[in-house]
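[1] coords below, sequence missing:
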């Protein structure tokens, strides 16, 4: 699959489906208690790069606003996160990105990308 091809993904039951216009160049592994307990690898995109083709049975966990984590109420998969752009360990006002759970991508090998580590347990 070429890097320009649309990459699709979904939760286990298909209630949430999404597409992106580019393959991730890297993914992020965060060790905060939320991310590590869910086992997600985040692929970050500008909002205009992500298209949700289906969003049913979505629940939102927003304990640490303005970050909002979304998951499927039907199958339980953590699907995406709306998060501010961070610079110098602080959110940039008015700038947001979408973090997709890269483990949900169809036909994409996570072995093909670098895994970056973020020490979320000690940063926030």
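    Yes, it's here. Small disclaimer: the values here were computed from a predicted structure and weren't measured. Numbers count the residues shown, from 1 in each chain.
[2] what's next to the least confident helix or strand in the chain by mean pLDDT, contact-wise?
    Within the chain, no helix or strand scores below helix 120-123, which has a mean of 83 by mean pLDDT, DSSP states H and E. With CB atoms under 8 Å, 6 or more residues apart in numbering as the test, helix 120-123 has contacts from 30-33, 35-36, 89. In this view, the C-beta of every residue, glycine as well, is placed from N, C-alpha and C.
[3] redo those as JSON lines? Include neighbour count.
    Supplementary listing: the contacts of helix 120-123 in JSON lines, determined by neighbours: other CB atoms under 10 Å:
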{"residue": "30", "neighbour count": "21"}
{"residue": "31", "neighbour count": "13"}
{"residue": "32", "neighbour count": "16"}
{"residue": "33", "neighbour count": "10"}
{"residue": "35", "neighbour count": "22"}
{"residue": "36", "neighbour count": "13"}
{"residue": "89", "neighbour count": "7"}
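[4] state the pair within the residues you listed that is farthest apart.
    36 and 89 (18.8 Å; CB to CB).
[5] quick one: mean pLDDT for the longest strand along the chain?
    Longest strand in the chain, counting residues (DSSP state E): strand 90-101. Strand 90-101 carries an average pLDDT of 92.
[6] what do you get for stretch 61-78?
    For stretch 61-78, mean pLDDT rounds to 90.
[7] buried ones in it?
    67, 69-72, 74, 77-78 (16 or more other CB atoms under 10 Å).
[8] in strands, which of those residues appear?
    Short answer: the buried residues of stretch 61-78 in strands (DSSP E) are 69-72, 78.
[9] returning to what we had before: ok, of the buried residues of stretch 61-78, which one's closest to residue 109?
    Closest to residue 109, out of all of the buried residues of stretch 61-78 and judged by CB to CB, is residue 77, at 19.0 Å.
[10] looks like that closest one contacts residue 9 (just checking).
    No - in this structure, residue 77 is not within contact of residue 9 by CB atoms under 8 Å, at 10.1 Å.
[11] who touches both of those two?
    101, 104.
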